[in-house]
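Visitor: have a look at this fold, sequence not included:
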């Protein structure tokens with residue numbers, strides 16, 4: 001592992017920053033780009049710039065439009081990126097039925113290419129599959145009126161919470177992505193996925209589940225294949241089954257949520273990817289990208305701040321041990337040590353605490369089935385974290 005300072009790439013134009021991410025996914029040979037950034041950095045704007053960079057003008061026939069020769073055609077911007085960000089949520093709007101206060105419905109903006117072919121794809125079952133993992137309400141889609149109603153138990157047309165609405169929209173996105181990967185005709189234009197902070201208003205359990213499900217879908221997307229177009233050279237050759245050629249869908253994932261980001265990184269660690277800390281110093285016009293694939297692991301500094309805040313607030317869960325151990329391992333490697341226990345200092349019995357931390361962070365159980373720590377483990381966690389931060393003077397951002 002290199003001990004050279006990690007190079008910071010500066011961009012005074014956000015379009016060039018978006019182009020850099022595309023370069024990583026294309027000429028850079030990466031399957032995924034993972035961005036860790038605080039709110040207010042410009043993640044959503046970057047996702048839109050990435051999307052706009054893939055738009056190309058195309059001409060298609062219409063009943064009315066600009067006449068070229070004897071054909072009626074229209075210029076249309078065709079993109080290559082299916083995205084999920086704050087704007088995706090704006091594609092849905094509530095009709096709260098103020099007159100009767102009985103039939104509250106969520107309207108779908110059918111003008112967006114996001115919903116192109118939605119009715120034909122019959123996504124209800126796949127949306128329901130994901131929704132059952134995160135929530136306990138049901139839904140009905142009226143494709144004639146393009147509205148969605150929600151129900152729970154015997155109560156229909158309920159107004160779900162903002163968090164429940166967000167998770168439903170995320171389930172719609174995941175279901176569409178499945179059809180994209182399967183080769184749905186209406187989504188043949190998709191070459192990239194861009195996911196920005198899909199866990200708004202979600203609790204930690206759902207943040208972990210969403211991250212795990214997303215990583216599974218992204219791994220499937222990178223292995224997508226399509227029939228290869230091959231000209232027939234002999235009698236009957238055109239009837240042979242088409243050969244399948246690689247047609248991967250690559251992705252960018254950005255988030256300010258340390259737990260979500262950590263789970264995604266863990267799930268995709270064996271795949272070709274780049275991890276960056278994205279910053280906009282002093283909220284100026286310059287953006288910086290700092291690679292965190294090599295030492296030092298800068299996004300772990302942000303995670304340390306999250307752990308310190310959780311310890312201070314008393315909101316400590318079992319997965320926090322996994323996060324702390326990951327940071328200790330990276331720090332130990334940076335200093336040339338073989339074991340994370342070398343970073344536990346200033347405690348009465350360092351070997352005992354190292355064994356306890358190893359036990360409490362073992363396996364994936366604590367990540368995927370989190371529960372609040374018992375008081376003894378909270379005290380142990382604070383001792384290890386405080387001793388670590390006392391020995392290694394990290395400049396932690398204020399949360």
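Guide: Good, I have the coordinates. Please read all numbers here as calculations on a predicted model, not as lab measurements. Numbering: from 1, shown residues only.
Visitor: what distance do you get for residue 160 to residue 153?
Guide: 14 Å (CB to CB, to the nearest Å). C-beta coordinates here come from the backbone N, C-alpha and C atoms, glycine included.
Visitor: higher neighbour count, these two?
Guide: Counted by other CB atoms under 10 Å, residue 160 and residue 153 do not tie: residue 160 has more neighbours, with 20 against 9.
Visitor: so for the more buried one, what's the nearest residue that isn't a sequence neighbour?
Guide: Leaving aside its chain neighbours, residue 160 sits nearest to residue 150 (5.1 Å; criterion: CB to CB, 6 or more residues apart in numbering).
Visitor: in the stretch 101-250 of the chain, which spans are strands?
Guide: 105-108, 138-142, 147-152, 155-156, 192-196, 225-227, 244-246, 250-255 (DSSP state E, counting those that start in this stretch).
Visitor: just send the ones you listed back as JSON lines, with mean pLDDT too.
Guide: Output for the strands of the stretch 101-250 of the chain, formatted as JSON lines (pLDDT from 0 to 100):
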{"stretch": "strand 105-108", "mean pLDDT": "92"}
{"stretch": "strand 138-142", "mean pLDDT": "93"}
{"stretch": "strand 147-152", "mean pLDDT": "94"}
{"stretch": "strand 155-156", "mean pLDDT": "92"}
{"stretch": "strand 192-196", "mean pLDDT": "97"}
{"stretch": "strand 225-227", "mean pLDDT": "86"}
{"stretch": "strand 244-246", "mean pLDDT": "87"}
{"stretch": "strand 250-255", "mean pLDDT": "96"}
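Visitor: quick one, which of those strands is nearest to residue 37?
Guide: strand 250-255 (6.2 Å; CB to CB).
Visitor: coming back round to it: so can I have TSV of the strands of the stretch 101-250 of the chain showing mean neighbour count and distance to residue 396?
Guide: Output for the strands of the stretch 101-250 of the chain, formatted as TSV (neighbours: other CB atoms under 10 Å; distance: least, CB to CB, whole Å):
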stretch	mean neighbour count	distance to residue 396
strand 105-108	19	41
strand 138-142	15	42
strand 147-152	17	41
strand 155-156	12	46
strand 192-196	24	24
strand 225-227	12	45
strand 244-246	11	43
strand 250-255	24	19
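Visitor: in TSV: those strands, plus distance to residue 335.
Guide: Listed next are these as TSV, based on distance: least, CB to CB, whole Å:
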stretch	distance to residue 335
strand 105-108	53
strand 138-142	52
strand 147-152	53
strand 155-156	58
strand 192-196	34
strand 225-227	44
strand 244-246	41
strand 250-255	28
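Visitor: between the ones you listed, which one is closest to residue 7.
Guide: strand 250-255 (20.1 Å).
Visitor: which other helices and strands contact the closest one?
Guide: helix 14-25, strand 32-36, helix 43-53, strand 192-196, helix 204-222, helix 258-267 (3 or more CB pairs under 8 Å, 6 or more residues apart in numbering; DSSP states H and E).
Visitor: which of the ones you listed sits closest to residue 308?
Guide: helix 258-267 (11.2 Å).
Visitor: helix 204-222 and that closest one, what's the angle between them?
Guide: 40 degrees (axes from the mean of the first three to the mean of the last three CA atoms, to 10 degrees).
Visitor: helix or strand right after helix 258-267?
Guide: Next helix or strand after helix 258-267 toward the C-terminus (DSSP states H and E): strand 273-279.
Visitor: and that next one, what other elements does it pack with?
Guide: The contact analysis (3+ CB pairs under 8 Å, 6+ apart) places strand 273-279 against strand 32-36, strand 287-291, helix 298-313.
Visitor: let me see the mean pLDDT of the second one.
Guide: When pLDDT is averaged over strand 287-291, the result is 89.
Visitor: that strand pairs with which strands, and in what direction?
Guide: strand 8-11 (antiparallel), strand 273-279 (antiparallel) (DSSP bridges).
Visitor: residues of the shortest one that come out buried?
Guide: This means strand 8-11. Of the residues in strand 8-11, residue 11 count as buried by neighbour count, 16 or more other CB atoms under 10 Å.
Visitor: rounded mean pLDDT for that strand, please.
Guide: On average, strand 8-11 scores 90.
Visitor: give me the residues contacting that strand.
Guide: 17, 20, 286-290 (CB atoms under 8 Å, 6 or more residues apart in numbering).
Visitor: closest one of those residues to residue 276?
Guide: Among these, residue 289 lies closest to residue 276 (CB to CB), at 4.8 Å.
Visitor: what pairs with that closest one across the strands?
Guide: Bridge pairing for residue 289 - DSSP bridges - gives residue 9, residue 278.
Visitor: from residue 36, how far off is it?
Guide: Distance from residue 289 to residue 36, by CB to CB: 11 Å.
Visitor: overlap of the contact sets of these two?
Guide: With CB under 8 Å, 6+ apart, residue 289 and residue 36 have common neighbours 276-278.
Visitor: for residue 114, state which of the residues you listed is nearest.
Guide: The closest of those, once distances to residue 114 are taken by CB to CB, is residue 278, at 24.6 Å.
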